[in-house]
Structure formats: C-alpha cells, structure tokens
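Colleague: Need a 3D model of the following:
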Amino acid sequence: MNIYELLNDEKFKLISDDDKSFILAFDNAMNGFGYDFGGRLYGNATRDELAYSKTGLKSKKFIARVYVRKDNGEVSLRLYCTDINKHRAHIESAPPYIKDAFTFEWGDCQNCMPTCKSMKNYTIDDQQYNKCCHNIAQFANPTVDRLPDYMALLSAFYPAKKAKAAK
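Modeller: Numbers count the residues shown, from 1 in each chain. Predicted structure coming up:
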C-alpha cells in the first residue's frame, strides 16, 4: 500500500488536511533520504503508526515513526536518536521546539526495569538528563513548515554514508 492509498483509507478519515499534508511531505522527505514505511501499517488498540526504515533492507532498524491516534486522528512524530552527547552541538543550536524534545521536564527514567537498556543519559547546555528513551525526540502536532528541522535532526543522527571507492 502506498502513502496515498493509506491516507485515503476510511480509517484515516479523522486526520486533518494539515496532518495529511505533513504525512505526505514527511514520507516524501524520508524517501529522498533513502527510507520508507514499506507499505506496512503497525499499531495497537489506540494508534496506528508508519515506521520508517532503510529502503530495501530485510532487517528493519526504524529511525522514525508517525503515530496516528485512532480516537481523534491526532498525529505525532517520533525520531529515534542515539548517542545524544555526540550530537549535542546540533541540539543546542536547534530551534526551541527541537531542543525541547530533549530537555523537557517530564519523562525522567523511573528505572521501571532493573536491567533497563532504554535509559538515555546526556548533557544539553551543561545540564545532565536521564530520560526514558520512549519519551525523547517526540513531536506532537508536527507541521510541514518544521519539516526541514526534523530532517536536519535526522541527518545529524543518520548521515548519508559515503560510497566506497572502487579499487
């Protein structure tokens, strides 16, 4: 299923035109970045999601998800960011709505699992954060006009790999 068919499906009638525009623009940007949602819809009882991974690979490492709530059609965006300290300068110089996704006051790790591998420890503007990985880099109500900043963040964390020179 392609993105146009998906957005025209009856189950997505609650999504606003602005959110549909964002999803289309994000999908197009991700395709240009070498990633796609593979025509597959994931989800659970409360939301559907488009999960983006490298195009053409069998093993899926998702770097972004677009969530759509089933009860009201609200859209949110989650970007998967690892080694945050390595990208500290990019985050510190990003617009507030990008930076806030890493420096918000709630979402601290509660050590809900004794052997948690999901806690993210990082420093932004000389302040230490210990966040649950499930809470960082999430953007409620993403917009088309902010898309360049979302893609710049992804590009910082997932730079294009240079082709190896032939010998």
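
Colleague: quick one: the helices in this structure?
Modeller: For the chain, the helices defined by DSSP state H cover 3-7, 17-32, 88-92, 96-103, 147-157.

Colleague: My guess is residue 122 contacts residue 129. True?
Modeller: Yes - using CB atoms under 8 Å, residue 122 is in contact with residue 129, at 5.5 Å. C-beta here means a position set from N, CA and C on the backbone, and glycine is covered the same way.

Colleague: give me every residue that touches the residue nearest to residue 84 when sequence neighbours are not counted.
Modeller: With CB to CB, 6 or more residues apart in numbering as the criterion, residue 84 has its nearest non-adjacent residue at 3.8 Å, and that residue is residue 122. The contact partners of residue 122, by CB atoms under 8 Å, 6 or more residues apart in numbering, come to 84-85, 88, 102, 128-129, 131.

Colleague: re the thing from before, right, so of the helices of the chain, which gets closest to residue 140?
Modeller: Distance to residue 140, taken as CB to CB, is lowest for helix 96-103 among these, at 9.7 Å.

Colleague: shaky segments in the protein?
Modeller: For the chain, the stretches with pLDDT under 70 are 112-117, 162-167.

Colleague: Report how many residues lie close to residue 9.
Modeller: Residue 9 has 11 neighbours, counted by other CB atoms under 10 Å.

Colleague: thinking again about what came up before, hey, what's in contact with both of residue 122 and residue 129?
Modeller: By CB under 8 Å, 6+ apart, residue 122 and residue 129 have these common neighbours: residue 102.

Colleague: Who are the packing partners of the longest strand seen in the chain?
Modeller: Determined from DSSP state E, the single longest strand within the chain is strand 47-54. Judged by 3 or more CB pairs under 8 Å, 6 or more residues apart in numbering; DSSP states H and E, strand 47-54 is in contact with helix 17-32, strand 35-36, strand 42-43, strand 64-69.

Colleague: cutoff 7 Å now
Modeller: Here strand 47-54 touches strand 35-36, strand 42-43, strand 64-69, going by 3 or more CB pairs under 7 Å, 6 or more residues apart in numbering; DSSP states H and E.

Colleague: Can you tell me what sits against the last one?
Modeller: Identification of contacts with strand 64-69 by CB atoms under 7 Å, 6 or more residues apart in numbering yields 12, 15, 23, 26, 30, 46-52, 75-80, 154.
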